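Novice: Predicted model and sequence follow; I will ask about them next.
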Amino acid sequence: MTTAQDIEARLQEVIERNDALMKENKILRDELALLKRGLYGRRSERLEPGQLGIFDELAQPEQVEPPEPAPDPQPKKKRGHGRAPFAAHLLREVIELDLAEDERECKCCGKPMKRIGEEVTERGHCIPSRVIVKRYVRIKYACPEGHSMATADLPDSVIDGGKYEASVYAHVITSKYADHLPLHRMEGIFKRRGVQLSKQSMWDMVKRADELFVQPVLRQMREELLEERVLHADETPVTMRLEGGKGTKQGFAWGWRNLLAPDRPSKVLIEFLPSRGRDGPTQFLGKWSGTLIADGYAGYDQVVSANGIRRAGCWAHARRKLKEALDTGSESAAPLLGLVQRLFEVERPINEQVQAGEIAREQQLEQRRIARTEQSAKAIAAINAEVERLLPLRSTLPKSKLGKALGYLHSQRAPLTVFLEDPRIPIHNNDSERDLRHLAIGRNNWLVFGSQLGGEVACRMYSLMLSCKQGGVDPEVYIADGLDKISVVPASQIASLTPWAWEAARREG
């Protein structure tokens, strides 16, 4: 016989089960909404007009009033909206167009006209790439008595008896790792130029350049990077094929860089490892100690603790999580998102002044310090109070997008406030993410790394490409020159072949 207690217990079980299903349903609906937005909606993290709606008062950032810059002795010319001129370093072919003899007479009086000047028009002209064969003809000399012979030495080549000059190696590397052209496409391009260069031969060339030039330079770059007191770090998954055709496995590209500043060279290093474990940052950083800007990934915890590293958080990650929560219908994310937006708006006018060259780096740091003390600290206090209010609510599901965003803000509270103490520290890790985005763009073309070695070589090449790009260095010219010089540059002077040192020497020369 069923008792009242049995019925009550069964009812309670049904209620708990119903609550669990409702929570699961809400989480699944959030995931579905996010997937649909990823497929059909905008992927930008920017807010739609009026998306914060009724929270306008919280969402609108206070405007920073930066000090007026010193008056410029010469007023700046307003930038026009016309076409930009061609760069001065481009080769120019002068084509002079003149009137025929019978056209140089005045149509009114018939007298011959005099030359009074010239009118110059420039148009861009593209010469398709081509392969030129350098034919070295060495004159032989012999003693008339038959004692000896002499012949001029061949110029050094990348490999003894090699068929191609350093410029071809540099072209293949730049096309593959800067322009994301797979080797099989380059094979077809070379074929159109009348050159039979297989993708296997090109891969052998890439590996040779990696061993001979890239690895020694990157070892020097790593030493110089670890002399910095502030570093960015991030990682992204990349699929690689296993040896012997046994399927695929997920590896990780780890990105490291220094602070982006107008008066310092950009030093970017990317390493490929078969896992996302803590060994990655531990091995790379060694005994380094300073400030590390990263997301909330726990893989950095061991080296941070062992080396006494100060860890700074990323507000762009926090904003992204809140934006995802808002996109899935969590209105509680709106006031928090507005407050996080305020942190970025506080610093935007200061950063714009630096980019425009209106203030120096020292002034930027001082204005940051003041703005963060007077405005950012208040916004963070309001953010923390809102997080503490929302977290205990029964409607806040831990596995929902809002719950994950609040959990991130709560667990990363200390790292996310480090930037208040040091004006050098940016409030986000976007610079490191932007580096790894270069790899993600290439992944659309090559899909997977062919092997672990392929991933390691690729990431080393990406390190050079990104360091060159951000330093305004032409990677093709740099690598070709570096391959020519590496055999004569002693190991003690390898620092002269880093992209920034090479470019500085080139400008001085």
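Specialist: Cool, the structure landed.
Novice: Pull up the per-residue confidence for Glu93.
Specialist: Glu93 carries a pLDDT value of 93.
Novice: which ones are touching it?
Specialist: His125 (CB atoms under 8 Å, 6 or more residues apart in numbering). Using the backbone N, CA and C atoms, a C-beta is placed for each residue, glycine as well.
Novice: Is it correct that it falls within a strand?
Specialist: No: per DSSP: H, G, I helix; E, B strand; the rest coil, Glu93 lies outside any strand segment and is coil.
Novice: And it, its phi and psi?
Specialist: For Glu93, the backbone dihedrals (degrees, to the nearest 10) come out as phi -100, psi 120.
Novice: separation between the closest residue to Leu416 other than its chain neighbours and Ala371?
Specialist: Closest residue to Leu416 apart from its sequence neighbours, by CB to CB, 6 or more residues apart in numbering: Gly313 at 3.8 Å. To Ala371, Gly313 is 18 Å away according to CB to CB, to the nearest Å.
Novice: neighbour count winner among the two?
Specialist: Gly313 (26 against 21; other CB atoms under 10 Å).
Novice: The more buried one and Pro415 touch, don't they?
Specialist: Yes: between Gly313 and Pro415 there is a contact under CB atoms under 8 Å: 3.3 Å.
Novice: Quick check: neighbours shared by these two?
Specialist: By CB under 8 Å, 6+ apart, the residues touching both Gly313 and Pro415 are Gly296.
Novice: what's the distance between Trp288 and Asp431?
Specialist: Relative to Asp431, Trp288 is positioned 18 Å away (CB to CB).
Novice: repeat for Ala318
Specialist: Per CB to CB, Ala318 is found 17 Å from Asp431.
Novice: quick one, what contacts the nearest residue to Pro265 once chain neighbours are set aside?
Specialist: Nearest non-adjacent residue to Pro265, counting by CB to CB, 6+ apart: Trp500, 3.4 Å away. Each residue near Trp500 by CB under 8 Å, 6+ apart is listed here: 265-267, 467, 471, 473.
Novice: Heading C-terminal from whichever strand or helix holds Gln302, find the next helix or strand.
Specialist: Per DSSP states H and E: Gln302 is located in helix 301-307. Downstream of helix 301-307, the next assigned helix or strand under DSSP H and E is strand 310-312.
Novice: If you count contacts, what does the following helix or strand past that following strand end up packed against?
Specialist: As assigned by DSSP H and E, the chain's next helix or strand after strand 310-312 is helix 315-327. Packing partners of helix 315-327 (3 or more CB pairs under 8 Å, 6 or more residues apart in numbering; DSSP states H and E): helix 4-40, helix 333-355, helix 401-411.
Novice: With just CA atoms, put helix 315-327 into PDB.
Specialist: The C-alpha trace of helix 315-327 is given here as PDB (Å, rounded to 0.1, in the frame of the first residue of the first chain):
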ATOM      1  CA  TRP A 315      39.200  42.100 -20.200                       C
ATOM      2  CA  ALA A 316      38.500  41.200 -23.900                       C
ATOM      3  CA  HIS A 317      37.900  37.600 -22.800                       C
ATOM      4  CA  ALA A 318      35.500  38.800 -20.100                       C
ATOM      5  CA  ARG A 319      33.700  41.100 -22.600                       C
ATOM      6  CA  ARG A 320      33.400  38.200 -25.100                       C
ATOM      7  CA  LYS A 321      31.800  35.900 -22.600                       C
ATOM      8  CA  LEU A 322      29.300  38.500 -21.500                       C
ATOM      9  CA  LYS A 323      28.500  39.300 -25.100                       C
ATOM     10  CA  GLU A 324      27.800  35.600 -25.700                       C
ATOM     11  CA  ALA A 325      25.500  35.600 -22.700                       C
ATOM     12  CA  LEU A 326      23.700  38.700 -23.900                       C
ATOM     13  CA  ASP A 327      23.300  37.100 -27.400                       C
END
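Novice: hmm, back to that, name the residues of the helix holding Gln302 that are buried.
Specialist: 303-304, 307 (16 or more other CB atoms under 10 Å).
Novice: and if you look at stretch 352-362?
Specialist: Buried, per 16+ other CB under 10 Å, within stretch 352-362: 353-354, 359.
Novice: Could you do stretch 463-475 as well?
Specialist: Neighbour-count burial for stretch 463-475 flags 463-471, 473, 475 (criterion: 16+ other CB under 10 Å).
Novice: Not counting it itself, show me its contacts.
Specialist: With CB under 8 Å, 6+ apart, stretch 463-475 has contacts from 170, 173-174, 177-178, 214, 217-218, 221, 260, 265-270, 435, 438, 478-479, 498-500, 502-503.
Novice: Separate out the buried members of those.
Specialist: 170, 173-174, 177-178, 214, 217-218, 221, 265-270, 435, 438, 478-479, 498-500, 502-503.
Novice: before we move on, what SS does Lys249 have?
Specialist: Assignment for Lys249 (three-state DSSP): strand.
Novice: Just give me the neighbour total for it.
Specialist: Residues lying near Lys249 (other CB under 10 Å) number 14.
Novice: Report the beta-bridge partner residues of it.
Specialist: Judged by DSSP bridges, the bridge partners of Lys249 are Met240.
Novice: Do I have it right that it meets Arg276?
Specialist: No: counting by CB under 8 Å, Lys249 does not reach Arg276; the two are 11.9 Å apart.
Novice: Centroid-nearest residue for this protein?
Specialist: For the chain, Asp435 is the residue whose C-alpha lies nearest the centre (CA atoms, centre = their mean; 1.8 Å).
Novice: Skipping its backbone neighbours, what lies nearest that residue in space?
Specialist: Gly255 is the one closest to Asp435 (CB to CB, 6+ apart), at 4.9 Å.
Novice: In contact with that neighbour, which residues?
Specialist: Going by CB under 8 Å, 6+ apart, Gly255 touches 232-236, 268-270, 432, 435-436.
Novice: residue ranges for the strands of the stretch 1-150 of the chain, please.
Specialist: Using DSSP state E, counting those that start in this stretch, the strands of the stretch 1-150 of the chain run over 140-142, 149-151.
Novice: count of residues packed around Gly277?
Specialist: The burial count for Gly277: 12, using other CB under 10 Å.
Novice: residues contacting it?
Specialist: By CB under 8 Å, 6+ apart, the neighbours of Gly277 are Gly299.
Novice: Hmm, Ser266 and Leu259 touching each other?
Specialist: No: with contacts counted by CB under 8 Å, Leu259 stays clear of Ser266, the gap being 9.2 Å.
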